[in-house]
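> Got a sequence here, can you model it:
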Amino acid sequence: MHRVRFGTPFLNYEMANNILKAIRNAGNAFLDTLNSQLDSVEKEQDAAMDDSLSDKKDDDELQEEKDDSMDSKQKNDPVEEDETDGAADAPAKKDRNNPKTRDLDNPEIRLKTAEKLPSGGYVLGFSMQGRSHIVTQTPCQDYHAFENLGNGWLLAITSDGAGSAREAARGSKANCELALKLVKQLLDTNGWIRKNHFPTDKEWYVEIRNVFEVMQAIIMRSASSQVESYKEEQEKKLTALIEAYDKAEEKEKPTLQKQMEMLEENVDTPLVPRDFNATIILLLVSPRGMMAAHIGDGRMGYLSQDDVWRPLMTPHKGDEASSTVFVPNNWNRQLNVPAFTMSDVYLPETYVVKELPKAFVLMSDGCESFTWTCRVYDKERNYYYDKNEPYDKFFNPLLKHLSNIEDKDEKVMEMINIVNVATTGGRKELDDRTMLLGVLTEL
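Numbers count the residues shown, from 1 in each chain. Predicted structure coming up:
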């Protein structure tokens, strides 16, 4: 496995023409994504933040590890033993109209994927609402995409919308759809599938960096074109909230009032590219190995031929808690810096692995606290570090359990249940969660 470590590639005339061609061919995809969602008005928000969520522990205080029953590991914690809580312990269904008793274990599933592969394996995926978003009735801001490209080529993508971005949900969806379209165009133009070509480290870095830069350009252009229509939609939402407020019961009015104030504050603020901030994680599997790339945080890994789970990326994380970088950011425009880095890895970070995986996984950071060994305490040096290892005691029992289920739709629903409520960490996680799991052959 090799990490590419060189500066920004020279953009020659032919490459520039390819980028312009890609923008012309794919530019409408982002606009279509935005327009398809502009017709819906946000649901009335009647819930204050649940008191139970205020007890969330500080990162450095969370200390627990999973066991063989797929127990969970809290994010950024040292490793300790804990007992597994099963799905049977999940709370009974509650009155979702009451903010004090709303069922936090019943999230909106924005998207799910369940496909069987010709090899006998399968790919399962989901993007679901986090508990904090259930409380505030905010839609899931994660998204994912998968396509079997044929001849042993697979393309998997996940994206996590920034919580601070006004249109994070649209940004994550657009990232997945644009990347899917542009990578397929890259493969067709270069004939990689037809020739069964496996790129070098440098070739993959150059090509996928161009893809991400095209996505960046499309988002910047499309955001500018949406300014007027976006303002009109915000005004419609404000009108709907005012009408809802007039008809609401007294207990609902404080939340509606807060929503009106937020809209009034931003209604005249022009739409800008950062309003669509979202990460991207991408994995292209070929019969000769894997090509990985990402911008932002999250996790990606694979099960090697010698049955060891290995990471495929290092999350881009800033100095401040929960800070990262997104596709629309100026990650490629750092003056006097030939190749901008974050978390000591380049943007974008790319890998070429000359090994066919037994299984692979991509996920947003909402899943990492109970599936990954993230932050571990080093007693000798007295500091925490990110070990960045997939937790085999979660993934191996998960794969074994899923192998006993024949129906692909039942498989994905069981995986959702395991991630959502059947682990201690899953039940405590507040963030949106996306996971895309592929098994190339039944294990």
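
> Skipping its backbone neighbours, what lies nearest Pro107 in space?
For Pro107, ignoring the flanking residues on the chain, the nearest one in space by CB to CB, 6 or more residues apart in numbering is Gln129 at 3.9 Å. Just so you know, the C-beta spots here come from the backbone N, C-alpha and C atoms, and that holds for glycine as well.

> Hmm, that neighbour is touching Asp431, no?
No: contact between Gln129 and Asp431 fails when scored by CB atoms under 8 Å: they sit 9.7 Å apart.

> Neighbours of Asn385, how many?
One thing to correct before we go on: residue 385 is Tyr, not Asn. 11 (other CB atoms under 10 Å).

> distance of the residue nearest to Pro107 from Val327?
Distance of Gln129 to Val327, computed by CB to CB, to the nearest Å: 22 Å.

> ok, back up a step: ok, how many other residues are close to the residue nearest to Pro107?
In terms of burial, Gln129 registers 24 neighbours under the definition other CB under 10 Å.

> In terms of secondary structure, what does the helix or strand hosting Ala240 contact?
In the assignment (DSSP states H and E), Ala240 maps to helix 227-247. Applying 3 or more CB pairs under 8 Å, 6 or more residues apart in numbering; DSSP states H and E, one finds that helix 227-247 makes contact with helix 13-38, helix 253-266.

> residue ranges with poor pLDDT in the stretch 1-150 of the chain?
1-102 (pLDDT under 70).

> rerun that using 90 as the cut-off
Scanning the stretch 1-150 of the chain for pLDDT under 90 picks out 1-103, 135-138.

> do the stretch 301-443 of the chain as well
Residues of the stretch 301-443 of the chain that meet the criterion pLDDT under 90 lie in 317-324, 326-347, 374-386, 423-425, 441-443.

> Strands of that one, start to end?
309-311, 341-342, 345-346, 349-353, 359-363, 372-378, 383-390, 433-439 (DSSP state E, counting those that start in this stretch).

> Compare these and give me the one nearest His401.
strand 433-439 (12.0 Å; CB to CB).

> Partner strands of that closest one, with direction?
strand 122-128 (antiparallel), strand 359-363 (antiparallel) (DSSP bridges).

> Need the CA coordinates for the last one. PDB is fine.
Think strand 359-363. Extracted in PDB, the C-alpha atoms of strand 359-363 (Å, rounded to 0.1, in the frame of the first residue of the first chain):
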ATOM      1  CA  ALA A 359     -14.300  -7.100   2.200                       C
ATOM      2  CA  PHE A 360     -14.300  -3.300   2.400                       C
ATOM      3  CA  VAL A 361     -16.100  -0.600   4.400                       C
ATOM      4  CA  LEU A 362     -16.600   3.200   4.000                       C
ATOM      5  CA  MET A 363     -18.300   5.200   6.700                       C
END
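
> how about the closest residue in space to Lys317 that isn't next to it in sequence, what does it touch?
The shortest distance from Lys317 to any non-neighbouring residue, by CB to CB, 6+ apart, is to Ser343 (5.1 Å). By CB atoms under 8 Å, 6 or more residues apart in numbering, Ser343 lies in contact with 314-317.

> Enumerate every residue touching the residue lying closest to Thr279 once chain neighbours are set aside.
Excluding the flanking residues, the one nearest Thr279 by CB to CB, 6+ apart is Gly296, at 2.7 Å. Counting by CB under 8 Å, 6+ apart, Gly296 makes contact with 160, 278-281, 315-316, 324-327.

> If we use 7 Å, what do you get?
160, 279-280, 316, 324-326 (CB atoms under 7 Å, 6 or more residues apart in numbering).

> do Tyr143 as well
Tyr143 touches 110-111, 127, 159, 172-173, 176, counting by CB under 7 Å, 6+ apart.

> you'd agree Ala145 is up against Leu178?
No: shown here, Ala145 and Leu178 do not form a contact pair, counting by CB atoms under 7 Å, at 9.8 Å.

> and the two? which has more neighbours close in?
A side-by-side neighbour count of Ala145 and Leu178, using other CB under 10 Å, places Leu178 first with 29 against 23.

> Thanks a lot, see you next time.
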